[in-house]
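**Student:** Sequence first, predicted model second:
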Amino acid sequence: MKTISRQKYEVSRLCLLAGQIMLESGAETYRVEDTMLRIAYAYGAVNAESYVAPTVIIFSIDGDVSTKTIIKRIDKRGTNLNKIALVNQLSREIAAGKWTLEEAYTRIQQIYQEEVFYPQWLQVIAAGLISGFCVILFKGSWEDFLPGLVIGSISYLVFIFLEHMTRLKFFSEFTASLIIGILSHLSIYAGIGNHMDKIIIGSVMPLVPGLLITNAVRDLMAGHLVSGISKGTEAMITAFAIGSGVAVVLQFLK
């Protein structure tokens with residue numbers, strides 16, 4: 001009996017860590033639940049239940065007195081599609097019988113402890129390039145490309161720094177968009193660039209919560225109403241923070 005209970009605990013621990021990695025990395029709610037259940041059934045669970053929301057994971061195996069329902073609070077969420085792909089691949093290999101329980105848990109710990117797939121300096125450069133080309137995409141001139149690239153890089157660097165220091169995403173996004181508005185105005189005033197509106201639009205693109213909006217819609221379509229509505233609300237708050245920062249600058253420039 002103790003051996004069975006111990007094995008169920010190990011399976012629960014593995015499933016919970018897999019779900020935590022995926023949820024913190026930006027996976028959809030239904031994908032997290034499906035992955036956890038597949039892993040549990042692959043290791044012999046007869047009946048497994050998982051409930052996932054943006055801030056909590058609840059998981060139980062078989063529902064008898066020998067096992068406990070495990071609850072894990074999620075305090076941080078970001079975007080790391082590489083970790084999601086790694087956990088997905090591991091779950092498929094587990095279902096195919098390629099990993100023992102101990103080996104799988106060791107591997108999932110390695111995935112959890114991995115650093116961000118791209119270093120911060122590369123993220124800043126990529127944000128700048130995205131901003132610059134988005135300026136062109138929104139019909140700005142090539143004279144607007146360079147200020148869009150520089151402003152996009154600076155604002156994203158500020159966003160990363162403030163989010164790391166304060167853990168307040170709204171404040172980080174608001175401040176970054178505020179800097180975008182100020183620098184865009186200064187670039188036009190200095191004669192660098194022709195269209196301030198295009199520079200602003202292109203520079204805010206790395207801050208736009210595209211993945212969050214997509215996941216909210218997909219969760220709603222999958223029937224996960226709580227997760228879909230909460231993610232949609234978070235996306236709206238992010239959009240409000242971005243718009244407010246730019247609006248404050250434009251208001252003072254009138």
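**Tutor:** Structure's in. What do you need?
**Student:** which one's the longest helix in the protein?
**Tutor:** Across the chain, the longest stretch assigned as helix under DSSP state H is helix 225-252.
**Student:** For it, give the mean pLDDT please.
**Tutor:** Confidence for helix 225-252, expressed as mean pLDDT, is 88.
**Student:** Tell me how far that helix lies from the chain's centre.
**Tutor:** Its chain's C-alpha centre and that of helix 225-252 lie 16 Å apart, by CA atoms, centre = their mean, to the nearest Å.
**Student:** quick one: buried residues of stretch 12-25?
**Tutor:** Across stretch 12-25, burial judged by 16 or more other CB atoms under 10 Å covers 12, 14-25. C-beta here means a position set from N, CA and C on the backbone, and glycine is covered the same way.
**Student:** quick one: it to chain centroid distance?
**Tutor:** Taking the mean of its C-alpha atoms, stretch 12-25 sits 14 Å from the chain's own mean (CA atoms, centre = their mean).
**Student:** just curious, which of the buried residues of stretch 12-25 is nearest to residue 62?
**Tutor:** residue 12 (9.9 Å; CB to CB).
**Student:** can you give me the helices for the stretch 151-254 of the chain?
**Tutor:** Assigned by DSSP state H, counting those that start in this stretch, the helices in the stretch 151-254 of the chain fall at 169-189, 196-204, 210-221, 225-252.
**Student:** Make a markdown table from the ones you listed and add mean neighbour count and distance to residue 151 to it.
**Tutor:** Below are the helices of the stretch 151-254 of the chain laid out as a markdown table (neighbours: other CB atoms under 10 Å; distance: least, CB to CB, whole Å):
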| stretch | mean neighbour count | distance to residue 151 |
| --- | --- | --- |
| helix 169-189 | 20 | 5 |
| helix 196-204 | 25 | 5 |
| helix 210-221 | 18 | 19 |
| helix 225-252 | 17 | 12 |
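**Student:** Go through the buried residues of stretch 12-25 and flag which are in helices.
**Tutor:** Among the buried residues of stretch 12-25, the members falling in helices (DSSP H) are 12, 14, 15, 16, 17, 18, 19, 20, 21, 22, 23, 24.
**Student:** Return the member of those residues nearest to residue 6.
**Tutor:** Nearest member of those to residue 6, counting by CB to CB, is residue 12, at 10.7 Å.
**Student:** Look at that closest one and report its pLDDT.
**Tutor:** 88.
**Student:** Mind picking out the helix or strand in this structure with the poorest mean pLDDT?
**Tutor:** helix 2-24 (a mean of 83; mean pLDDT, DSSP states H and E).
**Student:** Averaged pLDDT, the following helix or strand past that one. What do you get?
**Tutor:** Moving toward the C-terminus from helix 2-24, the next helix or strand (DSSP states H and E) is helix 29-42. Regarding helix 29-42, the rounded mean pLDDT is 91.
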